[in-house]
Structures are given as structure tokens and as C-alpha cells.
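Undergrad: This is a predicted model, with the sequence first.
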Amino acid sequence: MSRMTKLRTTLRGPEEPRQRLLAVATVVNTIGMGIFLSAGTIFLIRSAGFTPTEAGIGLTVGSLCGFGAGVVIGDWADRRGSREVVIGSMLLEAAASISLLFVNSLWSLIVVAAAAAVGRAGTVSARGAMIGVLAGDKGAQYRTYLRAVTNVGLAIGTIGAAVVLAFDTRPAYVSVIVTDTVTFLLAAAILTRLPHIPPTRAEKKEEGDGAEPAAKERRWVALRDLPYLALTATSSITSLQYFVLVPALPVWIVMHTEAPRWMAAIVLFFESILVAATQVPATRSITGPRSAARLLALSGPVFLVSWVLIALASGPSAGVALTLLIVGVVLHALAEVWQAAGTFELSFALAKPEAQGQYQGVMGLGHGLAEAVAPIVVISMCINWGKPGWIVLALVVMAGGFVCAFIERVWSRSQPVAEAAPSAA
């Protein structure tokens, strides 16, 4: 089979009906996510009457209230079946989303944000358990496809948010919340068409008091898996790259370069289109954990070149700055594809198959912590430190990618030959 034939087969998506249903639900859900990520905070400020500080505090504190929920909900999905848990989590997200229309104080915002954080953590971890079951023998290819459709959904949502921001009216901002809510409900409705997915871990019910501690000790396997915890920590460091294009780059463009101001407004959309277009062809070499780790390590040097070019955009004329920024964003998109796909594949490959929900909850826990501190870290380094900050941050992210690849090698050596063979391939 030629390379082009393989690529066309991949782009068509999965033929297995359950995999197609999950892919469609993913697109629908991420359309709403893209709209809210781009315009949700602005809704709170421009329409709900919160100050930027109040909106930031409310969303941050609410997110911290849901910290750790993904591990518990993911374990529940492993033991009860992921389909129902994902649907329930999406319904909670829908309820939290529509409740934003009625928040009128900081405390009510914190409560709604906490409910949304619990729902989001549950959706991510339980969906991980679902992917682990549905991926089948072509897991790497299917997970790459899901990453691609995720970026398509985000790009579509970004376009919708741009229209809302152009109108800048109360009805337009209300439509953001309503659309976000409807996409949660539609995605949940699509998943109801899936048959029940059996649990991957049976409940431990052993007689006798002496057996109970042992059963409890075996339950939280992900929290005792040192290689996976190390992967979670280091991949959380590499995930700082998500906060470079938003919010750091728009601020850098406006405050430190002579590039046109409109460049700051279209960065996220431009990069989302690039990522969606290159996701499948750029990552089709991923066939297992070893190839995923290789791409993850390669993403670091590309980030370094990209961010050096972006840093050098400060100082030259508008035309030169615009050229440097465009090339930098293109390279960033390629590096992001490699980093995201490599991390996504390793997060499944290094997890125990029967506890994917719990493992994805642990991964979400680490990345959630990084997400909480990333804005202040990235803004401080890229904006306050200036050009040296871009280079230092790139070196940190690059080192994190190299360590992730090293962790995969250590893990593969510890596996039985039958399990380690795919990664060597």
C-alpha cells in the first residue's frame, strides 16, 4: 500500500461503528469547547458584569475545587463501565455551562466553575477509559485520528467565537453559553447510541477483614506507578507550550513588535487550522510508545527554533516582524502536533489497560496543575523577561520532552518481551 493510500485511509476515519460514534461526539463537544475557550471569559467580563480579577479568581478557585476528581471518576469508569460515566460527566458540564447565565456573585461563579471542573475532569478520564476499550489493535492510529478531529472542532469553535466578539452584544455572548451547553447535550446524546461498555476492572469483594486492606492497596494502581507518575510530571512541563500562543503571543505582538495588531487576533485560529491540517500526516509514523517518544523528543528543538524566531520579531520593521511571526507559528504548530500526539500515545501505552480511566485521571491531575500555574509562568517569562525568557522557556520544554523519551525507554526495559516488542518496532 502506497503512502498516499495509507494517508487517505487514515483521513477517512475509523470504519468500526463505535469508534465513529466517539469521533462524532468528540467533534461536537470540541466545537463548544473552542467557542468557550475563546469567548467564555470575555462573556463573564463584558456580559455578566465581573471584573477581570473577579473572573480570574472565580475560574481559578473553582478549578482547584475540582482538583483530583478525575482520578476518582476515572476509577469509577474502570469499575462501572465508561459509557455511562462519560454521559453523566457531560450532563454535569452542560448544567454548569447553562448556570453561567445566572451567576451574579463571586461565590456563585466559584460554585459553577467547581461543578464544571469536576465534570470536565470526569469526562476526560472516563473518555480515556472508553478510548482504551474502543481503540482495538490499531490504538495509535485511532488516537491520532481523535486528536485530529479534536483540532477540527476547536477550529470551528474559534470561528464562531470570532463572530461573537465582532458583535460584542449581550445576545451574542449568551449564544456562546447556549451553544456550549447544547454541544454537551448533543455529544452525550450521540454516546447513548453506544452499547454498554463492560468494566475493565472487577470490584474486589473478598471475604474476611484481613483481605480488605490488600484489596484497597490494589485499587489505586496509577498512584503507585512511578514511571507513569514521572511521565505525568514531565509531560505537564512540556504542556506549558499550550499557553505560549494564548495568552503570551498576542501580548508579545501588541506590546513588543511592530507587526500589525490584527496578527494578535488571528493567531489561535491560524494555528488551529495548521494543527488540524497536519495532525494525521505529521504523526502517522506513530505505531507505539517508542515512535511516540521519538516525536515528543523531536518537538523540543522545533519549539526552540520557533520561539527564538518569535522573540526576534521584537525590534525589526513590521514586514520583517510579520514574517518571523508567521514562520514561528508554523513551526510551533508542527511541534505542538508532535508533542501532543506523543504525549497522548504515551499516556495510554504506559498505563495498565484495565485501569485506563484511573491513569487518565492521574494524567489530567498533573496537567491540571500545570494549567493552573502556566499563565503566570509563561507571561512572566515571555513578557516580563523578554527575549531571554522565550529561550529559557523553550529549553525547559525541550528538556521535558527528552526526559519523557527517557522514561519510555526505562519503562520498555521493565516490560516482558511480549509487551515491549511493539515499542521496539
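TA: Now that the structure is in, tell me what you want to look at.

Undergrad: Flag the shaky bits of this protein, pLDDT-wise.
TA: 1-12, 137-138, 203-218, 265, 417-425 (pLDDT under 70).

Undergrad: Spatially central residue in it, please.
TA: The residue lying closest to the centre of the chain (Cα atoms, centre = their mean) is residue 340, at 7.9 Å.

Undergrad: Quick check: closest non-adjacent residue to that residue.
TA: residue 147 (6.3 Å; Cβ to Cβ, 6 or more residues apart in numbering). Backbone N, C-alpha and C define where each C-beta goes, glycine included.

Undergrad: same thing with residue 374?
TA: Leaving aside its chain neighbours, residue 374 sits nearest to residue 243 (4.3 Å; criterion: Cβ to Cβ, 6+ apart).

Undergrad: Report all helices and strands that the helix or strand that contains the one you found contacts.
TA: Assigned by DSSP states H and E, residue 243 belongs to helix 242-243. Using 3 or more Cβ pairs under 8 Å, 6 or more residues apart in numbering; DSSP states H and E, the elements in contact with helix 242-243 are helix 356-379.

Undergrad: For the helix it packs on, what is the distance to the chain centroid?
TA: Helix 356-379 sits 9 Å away from the centroid of its parent chain (Cα atoms, centre = their mean, to the nearest Å).

Undergrad: what's the burial count for residue 41?
TA: Residues near residue 41, counting by other Cβ atoms under 10 Å, number 15.

Undergrad: Ok, the one 10 residues further on next?
TA: Around residue 51 there are 11 other residues, counting by other Cβ under 10 Å.

Undergrad: is it true that it touches residue 57?
TA: No - using Cβ atoms under 8 Å, residue 51 makes no contact with residue 57, being 9.4 Å away.

Undergrad: how near is the nearest residue to residue 314 once chain neighbours are set aside to residue 271?
TA: Leaving aside its sequence neighbours, residue 314 sits nearest to residue 256 (Cβ to Cβ, 6+ apart; 4.2 Å). When distance is defined by Cβ to Cβ, to the nearest Å, residue 256 is 19 Å away from residue 271.

Undergrad: Those two: which is more packed in?
TA: With neighbours defined as other Cβ under 10 Å, residue 256 and residue 271 compare such that residue 271 has more, 22 against 18.

Undergrad: Contacts only, for that one.
TA: Contact analysis of residue 271 by Cβ atoms under 8 Å, 6 or more residues apart in numbering lists 245, 329, 332-333, 336.

Undergrad: now for the residues you listed, which pair is the farthest apart?
TA: Greatest spatial distance among these (Cβ to Cβ): 329 and 336, at 10.1 Å.

Undergrad: who's in contact with the host helix or strand of residue 233?
TA: Here residue 233 is covered by helix 226-238, with elements defined by DSSP H and E. With contact meaning Cβ under 8 Å, 6+ apart, helix 226-238 is reached by 222-223, 296, 299-300, 339, 343, 346-347, 350-351, 359, 362-363, 365-367, 369-370, 396-397, 399-401, 403-404, 407-408, 410-411, 414.

Undergrad: quick one on the thing from earlier: tell me which of residue 329 and residue 336 has more neighbours.
TA: For residue 329 versus residue 336, the count of surrounding residues by other Cβ under 10 Å is larger for residue 336: 25 against 22.

Undergrad: so that one touches residue 299, yeah?
TA: Yes - with contact defined as Cβ under 8 Å, residue 336 reaches residue 299; the gap is 7.5 Å.

Undergrad: Remind me what the helix or strand where residue 55 lies packs against, helices and strands.
TA: Residue 55 is part of helix 52-65, with elements assigned from DSSP H and E. Counting by 3+ Cβ pairs under 8 Å, 6+ apart, the packing neighbours recorded for helix 52-65 are helix 17-46, helix 106-134, helix 356-379.

Undergrad: Out of the contacts of helix 226-238, which end up buried?
TA: Buried by 16 or more other Cβ atoms under 10 Å: 222, 296, 299-300, 339, 343, 346-347, 350-351, 359, 362-363, 365-367, 369-370, 396-397, 400-401, 403-404, 407-408, 411, out of those.

Undergrad: For the helix holding residue 233, buried residues please.
TA: Neighbour counts over helix 226-238 (16+ other Cβ under 10 Å) mark 228-238 as buried.

Undergrad: Please list the residues outside stretch 177-189 that contact it.
TA: Outside stretch 177-189, the residues that reach it (Cβ under 8 Å, 6+ apart) are 25-26, 28-29, 31-33, 35-36, 40, 43, 86-87, 90-91, 93-94, 97-98, 100-101, 160.

Undergrad: Buried ones only from those, please, as a PyMOL command.
TA: To isolate the buried ones among the contacts of stretch 177-189 in PyMOL, judged by 16+ other Cβ under 10 Å, type:
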select buried, resi 25+26+28+29+31+32+33+35+36+40+43+86+87+90+93+94+97+98+100+160
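
Undergrad: For residue 39, which non-adjacent residue is closest in space?
TA: Counting by Cβ to Cβ, 6+ apart, the nearest residue to residue 39 once its immediate chain neighbours are dropped is residue 161, at 4.1 Å.

Undergrad: which helices and strands sit right next to the helix or strand that the one you found is a member of?
TA: Assigned by DSSP H and E, residue 161 falls within helix 139-167. For helix 139-167, the packing partners by 3+ Cβ pairs under 8 Å, 6+ apart come out as helix 3-12, helix 17-46, helix 106-134, helix 170-191, helix 262-283, helix 318-349.

Undergrad: what angle do that helix and helix 17-46 make?
TA: On the basis of axes from the mean of the first three to the mean of the last three Cα atoms, to 10 degrees, helix 139-167 is oriented at 30 degrees to helix 17-46.
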